[in-house]
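> got a predicted structure here, sequence first:
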Number of protein chains: 2
Amino acid sequence: LPEMDPAASASPSFHACVQGSSFQPLNPEDVRAYLYKAADFITDYYTSVESMPVLPDVKPGYLRDELRASPPEHSAPFDVTMKELRTSVVPGMTHWASPSFFAFFPSTNSAAAIAGELIASAMNTVGFTWQAAPAATEMEVLVLDWLAQLLRLPTSFMNCTSVGRGTGGGVILGTTSEAMLVTLVAARDAALRRIASNGMSYITRLTVYATDQTHSTFFKACRLAGFDPANLRSIPTGPETDYGLDPAKLLEVMQLDFDAGLVPTYICATVGTTSSNAVDPVSAVAAVAAMFNARVHVDAAYAGSACICPEFRHHIDGVERVDSISMSPHKWLLTCLDCTCLWVRDTNHLTDALETNPEYLKNDATESGEVIDLKDMQVGVGRRFRGLKLWMVMRTYGTAQLQRHIRSDVAMAKAFEDLVRADGRFEIVVPRNFALVCFRIRARGAMTEEATDEVNRVLINRLNMSGKVYLAHTLVGNRFVLRFAVGSSLQEDRHVRSAWELIKKTTAEIIDGEEIVQ
Amino acid sequence: LPEMDPAASASPSFHACVQGSSFQPLNPEDVRAYLYKAADFITDYYTSVESMPVLPDVKPGYLRDELRASPPEHSAPFDVTMKELRTSVVPGMTHWASPSFFAFFPSTNSAAAIAGELIASAMNTVGFTWQAAPAATEMEVLVLDWLAQLLRLPTSFMNCTSVGRGTGGGVILGTTSEAMLVTLVAARDAALRRIASNGMSYITRLTVYATDQTHSTFFKACRLAGFDPANLRSIPTGPETDYGLDPAKLLEVMQLDFDAGLVPTYICATVGTTSSNAVDPVSAVAAVAAMFNARVHVDAAYAGSACICPEFRHHIDGVERVDSISMSPHKWLLTCLDCTCLWVRDTNHLTDALETNPEYLKNDATESGEVIDLKDMQVGVGRRFRGLKLWMVMRTYGTAQLQRHIRSDVAMAKAFEDLVRADGRFEIVVPRNFALVCFRIRARGAMTEEATDEVNRVLINRLNMSGKVYLAHTLVGNRFVLRFAVGSSLQEDRHVRSAWELIKKTTAEIIDGEEIVQ
């Protein structure tokens, strides 16, 4: 060994390097004080949100007029920030937490989830590799196995079973779109390898399948992944299948493509479509897919949560035959945004397409092959500790309580549906599968379809502009339909009942007032 | 109008639809109690994290052995959940919040950011359209304009300037990878349109450019977007440019591609590479790109935060000539994960590629054209209220304090660098640009490069296994190098000094102990 110069290792004086040195952004007592204030704000918010307009009456650009156009140069007491939050931000919110929110799907939430999210954001780990966050990685894997058990997913989707480690596994992502994208890319690359292409030359031969009810984000994900826009098949559905995918039609379309020399690559089956909660038949879809060696993904973003109850589990029967399934506890399992769970039958499907191995992330644990680096199952590198909140929800409330929550929402939706059915002015447009009711004022007498659509359009606009409720609409079979989605976490039966009273009253005003002329 | 049957509108009795009815997941007082407990936990954590091993000594699978293998059937008091967090989760964490964390880049954080994230997760809005969350959308747009001002981005990147609405704008995403992906897809589709292709037939003609120092996630994003693996150009760099992109080499490679009939489409320039904080010359890169009509994205994920200080702003000089720039306040601007800001010169570039318009999201505000629907600038549909925490940080601390924070970190890094330089056993491998110091034990006498690499490998392993510090490594010019990244938010100069003492002591043990034999 070369001789070292002892003098060389003597330190120069260490400069006081913090000018002023008074700025401690994580001073523990400041953190406690700010978080207590935030907790108090939230408690007040949940207590009072019922009395706020669900949909705010603000004009585009309103916030810029209320707040400064430029960032402040100097610091302000946290109370000033909180005051501006109360006076300028809250009045411009669409209150998803309102018990009178019935639009889209509810973003359900719980005290345990919010606490979990809070702790995760304070620890602020970036769990790209196991080593960078062992507990976060293991928590995510564990809680996905827990949820897989509740959903009675086959053990092939689990990371760890009673008989040891399998090939399957899961990852928590931000959105269903990301789950679709990563599984699409994996399927794309596998299909290209199968046709002996080292590059993208044959990408225009790959085809993907869904229905005209599938969420638009699926077709967007296909375009992101480079599938040819001409090769995205949107299979028409109709009332004869309650807007679910008809496997016979799927087979016909896939066979035509196959005969034309194309390569059927991927099918997205939805359990609980956004528009009307239609359910594609998972098992039958998988059977058709198998004939062409195509992969099947099940998107159960909303309705997957219901499948923790035995009485709803049949909606994903056949899942043991598909390649992947995703569902979002941030929709209906009391877990705040964002939390989309993706399970795959073979994690190599994902990692073959998504693995990276830069020098600065190399470590012994990864090289041992004994651990999972979750960055290799997602789009990006950075990742939040999302498993913590989902674990806190499952650990704190337990399965029985979570099932009760689902059943309560479904019971409220059923009660609403019964009210609608009993009122001859309205019709239920598609059978209710979960906690979404699709209904409309029906055409009576000589009313044209156009006039009926217009009556319903007037109804929803009046309802939403009242600030007392918020509903979304959709088209089902080209008819304008109101969507009544039960389940906002502060919701009780009295809110559903009030909404129904308001719907009846507003309908009467519209119809009796003869404001709509045929 | 048809006659309505009055009897039909009479309500049946409304069933009490909540069985048991005792489960209120958002009971306001429960929320307050859970959040106070979480806040107390966090305060304790920040107070004690200094004494915990930075890198935990746990084996793969440890958590499954500590916790239950199956989800609990029944609910538990929240204190049970918190106890398991303390006893099983915390000991398995890699403590990114530790003041002795010097690995990767720090995930900086602040009381204001955590409070903002907490409130956002409680409001739990899903701001896909303006109407679905007006205040969240406007806050995001406003705070991006604020930050654009701090960075002195050209007004062409702003949504709103003193002279009115421009074509530019920004969006907050989860990761830099997503910023790369959406701008890549936009560039891909624009290039394909330019060569008159309606589909993906010509995708194998498109080429993209970066350097051998560019983050691996860029090349992954290219593959996700369907670019041909054979068309991803990784331009070699060397010490003559401090590992920054050489524009002459870029021109040469692009010209070769162009002459071969390929279509140069996109260049990713990095300001502050992950490996060694190298800076690609933005202006010169843009000049080369313009010759080929290729788009340029600037990835300033880490170093972008420093550019709020005038003395660092020159690193993004020329940004007015590029198409997009992204930086992540979750890295160095005291904002907890996740928060990546992307600005584009023309929002139509993104929306042309990413817009969707399903019926259930249609609304008057969107159709007026006066608002921005942020879903059309990202991969997915769902999105968290990320603007709130960034606004809370800027509103509470103010520009001067944020600049002080950057300068303090840089000063600590400079002090560390001075210590290393003054010790003849070590060398600084590349010039320090920001708060990352790349150093190593130098080869002395007859030590081979391999032996020197091995000494450094032994050094970092001992340091990290001590639990007293955590550093990452990299390869620079094929030499094994230690990365010392200053800036974890609880860090003070004493932690940097202690780390240096430990490095010196460990080095002495390794070298004097002659454990490494050449």
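That came through fine.
> I figured A:K414 was touching A:R432, is that so?
Yes: here A:K414 lies in contact with A:R432, judged by Cβ atoms under 8 Å, at a distance of 7.0 Å. Any C-beta I mention is one placed from the backbone N, CA and C, and that applies to glycine too.
> tell me which of those two has more neighbours.
A:R432 (22 against 16; other Cβ atoms under 10 Å in any protein chain shown).
> helix, strand, or coil at the more buried one?
Following DSSP: H, G, I helix; E, B strand; the rest coil, we place A:R432 in the coil state.
> count of neighbours near whatever residue of chain A ends up closest to chain B?
Closest residue of chain A to chain B, Cβ to the nearest Cβ: A:G226 (2.0 Å). Neighbour count for A:G226, taken as other Cβ under 10 Å: 24.
> hang on, isn't A:D373 packed against A:P134?
No: with contacts counted by Cβ under 8 Å, A:D373 stays clear of A:P134, the gap being 11.2 Å.
> just want to know which of the two has more residues nearby.
Here A:D373 and A:P134 are compared on neighbour count by other Cβ under 10 Å; more neighbours surround A:P134, at 28 against 21.
> so what's the nearest residue to the more buried one once chain neighbours are set aside up against?
Spatial nearest neighbour of A:P134, chain neighbours left out: B:G92 (4.8 Å); criterion: Cβ to Cβ, 6 or more residues apart in numbering or on different chains. Neighbouring residues of B:G92 by Cβ atoms under 8 Å, 6 or more residues apart in numbering or on different chains: A:P134, A:A135, A:E138, B:P56, B:V58, B:Y62, B:L63.
> just A:E359 next, same as before
So A:E359 contacts B:S275, B:H473, B:T474, B:L475 (Cβ under 8 Å, 6+ apart).
> may I see these organised as CSV, with pLDDT added?
As requested, those are exported to CSV (pLDDT from 0 to 100):
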residue, pLDDT
B:S275, 95
B:H473, 97
B:T474, 97
B:L475, 96
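> how about the helices in the stretch 301-450 of chain A?
Under the criterion DSSP state H, counting those that start in this stretch, the stretch 301-450 of chain A contains helices at A:329-332, A:347-354, A:364-368, A:387-421, A:449-465.
> pull out the buried positions in the helix or strand containing A:V185.
Using DSSP states H and E, A:V185 sits within helix A:176-194. Residues A:176-192 are the ones in helix A:176-194 that count as buried (16 or more other Cβ atoms under 10 Å in any protein chain shown).
> now A:R457: closest residue in space that isn't a chain neighbour?
Excluding its sequence neighbours, the residue lying closest to A:R457 (Cβ to Cβ, 6+ apart) is A:F480, at 5.9 Å.
> need the phi and psi values for A:W96.
With angles defined as degrees, to the nearest 10, A:W96 sits at phi -60, psi -20.
> wait, isn't it in contact with B:A122?
No: A:W96 is beyond contact range of B:A122, at 10.5 Å (criterion: Cβ under 8 Å).
> please tabulate the contacts of A:E359 in a markdown table, including the columns neighbour count, distance to chain A and secondary structure.
Output for these, formatted as a markdown table (neighbours: other Cβ atoms under 10 Å in any protein chain shown; distance: Cβ to the nearest Cβ, whole Å; DSSP: H, G, I helix; E, B strand; the rest coil):
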| residue | neighbour count | distance to chain A | secondary structure |
| --- | --- | --- | --- |
| B:S275 | 24 | 6 | coil |
| B:H473 | 25 | 7 | strand |
| B:T474 | 22 | 4 | strand |
| B:L475 | 15 | 5 | strand |
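> need the max-distance pair from those residues.
B:S275 and B:H473 (9.8 Å; Cβ to Cβ).
> off-centre distance for the helix or strand of chain A with the lowest mean pLDDT?
Counting by mean pLDDT, DSSP states H and E, chain A has its least confident helix or strand at strand A:164-165, which shows a mean of 72. Centroid separation for strand A:164-165 versus its chain: 29 Å, with Cα atoms, centre = their mean, to the nearest Å.
> contact partners of the helix or strand following that strand?
Downstream of strand A:164-165, the next assigned helix or strand under DSSP H and E is strand A:169-173. Strand A:169-173 is contacted from outside by A:140-141, A:144-145, A:148, A:157-159, A:179, A:182, A:326, A:338-344, A:347, A:350, A:372, A:374, A:377-378, A:386-387, A:390, using Cβ under 8 Å, 6+ apart.
> can you tell me the strand partners of strand A:169-173 and which way each runs?
According to DSSP bridges, strand A:169-173 forms sheet pairs with strand A:340-344 (antiparallel).
> my guess is A:C339 contacts A:W332. True?
No: A:C339 is beyond contact range of A:W332, at 11.1 Å (criterion: Cβ under 8 Å).
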